[in-house]
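**Student:** Sequence isn't available, so here's the structure alone:
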């Protein structure tokens, strides 16, 4: 069961449901998902994944949300903000689309835009970063489209199939997001409310 917390045109973000353990177990054992997450070598049983989901659902420090396709109410991925520091107003974004049929169609970009809007406007963050591996060209295009800028890279820091790739870090500031193409993605209609 999903509860729309943040709603866009094609997806909404909902609190995670630990009962989705079998779907997440499938995804966490899918090399196409895990290679980009950096945990390709890990083996996930459904019991291990259930512990992970339950800890995410109970977390007070991090924001962990399911990405739901709005047209079908189908779970398609996950996104979140971790390492949130309210003193310095920063956090780190993470995302994956687990369902292959929904990759490369803009669902992930919309989910990230909704999460960025929430992070900047609701949580009052100022800087949100993310990390990815240099072989993830599709992800890089989506991040740049949202307004992320590269701030550094650790050269040849990961190896897959005998080839080294860079570990890249990007970030975006609140003002950069507000001036970008997704600035009005989830504006609340506050007309009629008194503060």
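**Tutor:** Thanks, I have it. Bear in mind the structure is a predicted one, so any value in this text is a computation, not a measurement.
**Student:** give me every residue that touches residue 160.
**Tutor:** Neighbouring residues of residue 160 by Cβ atoms under 8 Å, 6 or more residues apart in numbering: 35, 40, 135. The way it works is simple: take the backbone N, C-alpha and C, and place the C-beta from them, glycine included.
**Student:** Let's see if you can find the most crowded of those residues.
**Tutor:** Neighbour counts for these, by other Cβ atoms under 10 Å, peak at residue 35, which reaches 17 neighbours.
**Student:** quick revisit: now, which of the contacts of residue 160 sits nearest residue 96?
**Tutor:** residue 35 (10.5 Å; Cβ to Cβ).
**Student:** is the closest residue to that closest one other than its chain neighbours in a bridge, and if so with what?
**Tutor:** Distances taken as Cβ to Cβ, 6 or more residues apart in numbering put residue 160 closest to residue 35, at 6.6 Å, once the chain neighbours are dropped. Beta-bridge pairing for residue 160 (DSSP bridges): residue 163.
**Student:** any chance you could map the helices in this protein?
**Tutor:** Along the chain, counting by DSSP state H, helices occupy 21-28, 31-37, 46-58, 107-117, 137-146, 174-178.
**Student:** pLDDT of the first one, averaged?
**Tutor:** Just to be clear, that refers to helix 21-28. Averaged over helix 21-28, pLDDT sits at 93.
**Student:** Use 40 as the first number for this chain going forward.
**Tutor:** Renumbered: residue one is now 40, and that last one reads helix 60-67.
**Student:** helices or strands up against it?
**Tutor:** With contacts defined as 3 or more Cβ pairs under 8 Å, 6 or more residues apart in numbering; DSSP states H and E, helix 60-67 has these neighbours: helix 70-76, helix 85-97.
**Student:** just checking, residue 193 touches residue 204?
**Tutor:** No. In this structure, residue 193 is not within contact of residue 204 by Cβ atoms under 8 Å, at 10.1 Å.
**Student:** In the helix or strand of the chain at the bottom of the mean pLDDT ranking, which residues are buried?
**Tutor:** Across the helices and strands of the chain, the lowest-confidence element by mean pLDDT, DSSP states H and E is helix 85-97, at a mean of 87. The neighbour-count check on helix 85-97 (16 or more other Cβ atoms under 10 Å) flags 88, 89, 91, 92, 95 as buried.
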